[in-house]
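**Student:** Below are the sequence and a predicted model for it; my questions follow.
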Amino acid sequence: MRSSVIVFPGSNCDRDIAVALEKMQFKNQMVWHKESKLPKTDLIVVPGGFSYGDYLRSGAIAGKSLIIDEVIKAAAAGCLVLGICNGFQILTETGLLKGTLLRNKNLKFINKDVNLIVSNNKTKFTSKYELNQILKINIAHNEGNYFTNPQHLEKLKKENLIAFKYCDEKGDINKDSNPNGAMENIAGIFNDKKNILGMMPHPERMIDKTISNSDGVNLFSSLIS
Amino acid sequence: MKITDKIIKNHGLNLEEYKRIQKLLKRNPNLLELGIFSAMWNEHCSYKSSRVHLKKLPTKSKHVIQGPGENAGVIDIGDNDAIIFKIESHNHPSYIEPYQGAATGVGGILRDVFTMGARPIALLNSIHFGSPEHPKTKSLLNGVVAGIGGYGNCIGIPTVAGETKFNETYNENILVNAMAVGHVNKNKIFYSQAKGLNKSVVYVGSKTGRDGIHGASMASAEFDENSEEKKPTVQVGDPFTEKLLLEACLELMKDDSIISIQDMGAAGLTSSSVEMASKGSLGIELELDKVPCREENMTPYEMMLSESQERMLIILEDNKENQARKIFEKWDLDFVIIGKTNNTKNLTLKFNGEIKGEIPIDALASEAPVYDRKWIKKKLQKNKFDLKKFKKIKLEDALIKILSSPNHSNKSWITDQYDQMVMCDTAKRSGADAAIIRIHNKDKAIAVSVDSSANYCKSHPITGGKQIVCENWRNIISVGAKPIAITNCLNFGNPENKEVMGEFAECIDGIKEACEFLNYPIVSGNVSFYNGTNKKNIYPTPVIGGVGLIKKLTKPLDHSFKQEKSEIILIGKTFGHLGQSCFLKENYSLAEGSPPDINLTNEKNNGEIVLKLINENLVYSVHDVSNGGLIISLCEMSMVNRIGVKIEKPKKLRNLFEYFFGEDQGRYVLEIDSKQIRKVEKILKLNNIYYEKIGHTQKKYFEIDGELKVDINELFKINNNWYNSY
Amino acid sequence: MKFSVTVTLKKDVLDPQGKVVHNTLTNLGIDNLKSIRQGKFFEIEVHEIDQKKAEDKVKEMCEKLLVNLIIEDFQINKLQ
Amino acid sequence: MKFSVTVTLKKDVLDPQGKVVHNTLTNLGIDNLKSIRQGKFFEIEVHEIDQKKAEDKVKEMCEKLLVNLIIEDFQINKLQ
Ligand SMILES: Nc1ncnc2c1ncn2[C@@H]1O[C@H](COP(=O)(O)OP(=O)(O)O)[C@@H](O)[C@H]1O
Ligand SMILES: [Mg+2]
């Protein structure tokens, strides 16, 4: 399976995700944002980091780059797209995913391992997880507070478009287990066709037990199977 | 413009120094030249008060590739891997504008590391604030932590360890020291020495603005009521541009176009060009009209003294300009040839075709003044206090008092604001004795830690100096790494004061003695004097940043108890030394007596044996015993995984407070599987190591037999409360 | 020609920043504060002497980049 | 009583955001842009009918929290 990681000035998890993809046997390519064409690919990853310093609004400027038009086209043609952290923010800025990511409710950058519950495992991204499986995955962001309008939220729930929610060790989804104030503890969402996933937590940081744990592995193995 | 006494003084120079300038130039300097002298001759750049003492420090070992004198120190960790690292202060700017001051401190130290060809892999910091009750402390803490995080998170280098302390001695003068660690192929290290004639001198990075003009002389002046007025334009950090600069430099460094490279740090264009030329015994001519400027009508004086961030100076090999330019343009950075090297040994500054200044490089560098300032020795105080006369307290209350104090509270409020995981090689994050960073794509790792003990250094600088090196060495060992080398940041008061200078000289003596004995050389560092206000100097605060090596990282070790029913062993002898202890400080507000003695022989033996036990896979967890004594170490080991411990009372009848809170040095607590205990004891006995079997891990409770029994969750809450309610 | 642009969060959008700022101000002893909302401010100068054209240009900038129309409103004012 | 506050970076202070936004606008095909500087904007309402007093209150908020006086300037305007 082929993957492409889009690199913006200020991306800083591009190497991390490339390492993860290669470890999981993807044939990966890095794509510089100024390129006007995407290579043949089955998966596009928009990585984490601070594209353009996150100046103005996180993801706003990257959302206007040349390559993004290609990503939009590819997504429309059914290519899988994964946006992690800043990548999620960029996808919302481009409109590929609805809603937006506001500042964390405590107005601080948050880096820690949090618990997530898998809310939908019938997708190309999550099929290797159990439904309601509890994962421990690292988050690192300033703006991860997911917000959307009531109609869209309704739709997310009804059509099972929520991928992950923040929870506690036991799987309880409540205010205390919500690190950033996101609506309904949402940590990641799909588009209508479920070929695009945006998520704040970093699965690529959880693929190696020496460093952390391997709770992120199944995301990649779902994709490749 | 006529150079008046007032102008001279405003440039931080005294009249003696001015006379020396006249003599070296054989004429009067103009204002531009005076500004350049003031930048190069101030304490920050010239090390004029510290040089005679710094010379004493040991700087060599079989691992050292580059000691002090370059942008950062370099050590060899085998297989062509080298580690480049350094620590630096940004104290005064951080007091004025905590966010930007701390952020630019991080940015500056990163440039020191990647300018030598290394990819930065870890950031550390040592931050000291005034008393929490002081009205400025809270916003300084908030700003500094946000600034450190803001820069490191954005550029994408993990901030993995540090220390945070509060003491009223820093009320008017906080300390913000940042350390950066990078990894490089041993054969691809870049140095700052210029070579060759008529080579292009290239300016890359951000544009020059009026930021921090006179920053370097500000860093070398005490604060007073008028420092508001002296305030230069505050430097604003731009981590995004630094990220581009980092990637562009590393891309250019892949081939051999660079002859020499130097970041523009304190005193910007001046110090970078002078240092390159001085090291190469060459001259440099700069055409200042070509300097990319952010503001209109900038003068040569402003350009030469600006401390705008995120800039570098490069001397390029012939015919490499176009290729280099392409790289920098790809990353949207300025790239301008602003001068040439020559054989005049002068710094020549042209503007609009005219020579505006011309100074012999030697006059700025090797002829800069050096002072052997007066200093006096400090006497070792006797421990005069008598425990029996103190107000009675319960063991449990004393413990809680310490665990809930600002200095000992859990630091996750801080460290959660730092991205510790980016780059995916952080095997141990903040919270451990040292952080562990894996070398990318390899199975070896380094351990890093920063430490200081201002109270100890204040009461007896020699012992204090020894102690910080030892504590750092212990922290590195406690995660299973072999200590290799250190960097140091010496934060002191006014060097023109004999006592301060004495503290400085004696701390260095102590550091030197410990480094020599432990074969733990110093490869880089920084001196920050004039910390204090209106004649009130801060406590002497040398900070040690150490790096250790783990040859094969299989299971990263830390201090958390791993299972119930393990044996607990205390290595090293407990005498019950309470002088300068945190027990006295937190319970009786006393800073009495002498710091604990350092026995370097025991230190070395104990450390080496602990490392041996770790390497033979005989221990589950290790923690050194430091501030707060044995009881605090045990609590910290318990709290991570909420596994309790039951400790027996000491066999020989001793004062319990002395036993549990004493800060005797050279000690470690080890958790050992009861199946392995025989083997461990055999090794310890064979090597004549003093140890005590002190108890077992257990479920849920932190217990001292017959004295105290507390639920770990309670302790955890107590330990995690302070920051969140401050 | 010079303009100022103010960008504010739409009424129904959660404003975590405003909330924290409000609390902090109250804790700092500031009473009487009824409400506070935070937004962005731009000062934009364009080479254009025709006011209508200049304003359109600024509007274009807002819509193309400066404002996230899903959650933000904006207002343009001419400065002299 | 309602006020708006605009907070801008002092002259000569580096504005990394403004720089990137300027470049992006140019890349998006917006010509004629001479300069753009970004700042903050607050809309503040206080329970206070005396204008002088209300303004003082807002000023206090700016100085105590909203504005970093070392690098920023601010301006208060009354809204109706
Ligand atoms: N400012 C900081 N930045 C990062 N880590 C910090 C900071 N302050 C404290 N820490 C971390 O908190 C832990 C406890 O610090 P400290 O009590 O100084 O440890 P030790 O006594 O082992 O040196 C360490 O892991 C340290 O790295
Ligand atoms: Mg320790």
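**Tutor:** Looks like it came in fine. Residues are numbered from 1 along each chain as shown, chains lettered A, B, ... in the order given. Ligands and ions are numbered 1, 2, ... in the order given.

**Student:** Quick check: what element follows the helix or strand bottoming out on mean pLDDT in chain B along the chain?
**Tutor:** Counting by mean pLDDT, DSSP states H and E, the weakest-scoring helix or strand in chain B turns out to be helix B:227-230, with a mean of 46. Proceeding N to C from helix B:227-230, the next assigned helix or strand is helix B:239-252, under DSSP states H and E.

**Student:** quick one: strands adjacent to whatever helix or strand comes next after that next one?
**Tutor:** Counting by DSSP H and E, the next helix or strand C-terminal to helix B:239-252 is strand B:258-263. With DSSP bridges as the test, strand B:258-263 is paired with strand B:311-316 (antiparallel).

**Student:** how about the residues of chain C near ligand 2?
**Tutor:** Residues of chain C found near ligand 2 (CB under 5 Å from the ion): none. All C-beta atoms are positioned from the backbone trio N, CA, C, and that covers glycine.

**Student:** show me where chain C has helices.
**Tutor:** Assigned by DSSP state H, the helices in chain C fall at C:16-27, C:51-61.

**Student:** and of those helices, who's closest to chain A?
**Tutor:** Within these, the stretch nearest chain A is helix C:16-27; the backing value is 4.7 Å (CB to the nearest CB).

**Student:** tell me the contacts of residue B:506?
**Tutor:** By CB atoms under 8 Å, 6 or more residues apart in numbering or on different chains, residue B:506 lies in contact with B:377, B:378, B:461, B:462, B:465.

**Student:** Output the helix or strand where it lies as PDB, nothing but the C-alphas.
**Tutor:** Using DSSP H and E, residue B:506 maps to helix B:498-518. Output in PDB follows, covering the C-alpha atoms of helix B:498-518 (Å, rounded to 0.1, in the frame of the first residue of the first chain):
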ATOM      1  CA  LYS B 498      34.600  39.900  46.900                       C
ATOM      2  CA  GLU B 499      32.100  37.500  48.500                       C
ATOM      3  CA  VAL B 500      30.300  36.800  45.200                       C
ATOM      4  CA  MET B 501      33.700  36.300  43.500                       C
ATOM      5  CA  GLY B 502      34.700  34.000  46.400                       C
ATOM      6  CA  GLU B 503      31.500  32.000  45.900                       C
ATOM      7  CA  PHE B 504      32.300  31.700  42.200                       C
ATOM      8  CA  ALA B 505      35.900  30.700  42.700                       C
ATOM      9  CA  GLU B 506      35.100  28.100  45.300                       C
ATOM     10  CA  CYS B 507      32.100  26.600  43.500                       C
ATOM     11  CA  ILE B 508      34.400  26.100  40.600                       C
ATOM     12  CA  ASP B 509      37.000  24.400  42.900                       C
ATOM     13  CA  GLY B 510      34.300  22.100  44.100                       C
ATOM     14  CA  ILE B 511      33.000  21.300  40.600                       C
ATOM     15  CA  LYS B 512      36.500  20.800  39.400                       C
ATOM     16  CA  GLU B 513      37.300  18.300  42.100                       C
ATOM     17  CA  ALA B 514      34.200  16.200  41.600                       C
ATOM     18  CA  CYS B 515      34.500  16.300  37.800                       C
ATOM     19  CA  GLU B 516      38.100  15.100  38.000                       C
ATOM     20  CA  PHE B 517      37.500  12.400  40.500                       C
ATOM     21  CA  LEU B 518      34.400  11.100  38.600                       C
END
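
**Student:** Next secondary structure element downstream of it?
**Tutor:** Following helix B:498-518 in sequence, per DSSP H and E, is strand B:522-528.

**Student:** Need the contact partners of that next one.
**Tutor:** B:43-44, B:47, B:50, B:54, B:57-59, B:64, B:66-68, B:70, B:72-75, B:85-89, B:91, B:175, B:177, B:219, B:485-492, B:511, B:515.

**Student:** any idea of the angle it forms with helix B:498-518?
**Tutor:** 170 degrees (axes from the mean of the first three to the mean of the last three CA atoms, to 10 degrees).

**Student:** Pairing partners for strand B:522-528, with directions?
**Tutor:** Strand pairing (DSSP bridges) places strand B:522-528 next to strand B:482-491 (parallel).

**Student:** The strand it pairs with close to ligand 1?
**Tutor:** No - counting by CB under 6 Å from any ligand atom, ligand 1 has no neighbours in strand B:482-491; the shortest distance is 13.8 Å.

**Student:** Pull out the buried positions in that strand.
**Tutor:** B:482, B:483, B:484, B:485, B:486, B:487, B:488, B:489, B:490, B:491 (16 or more other CB atoms under 10 Å in any protein chain shown).
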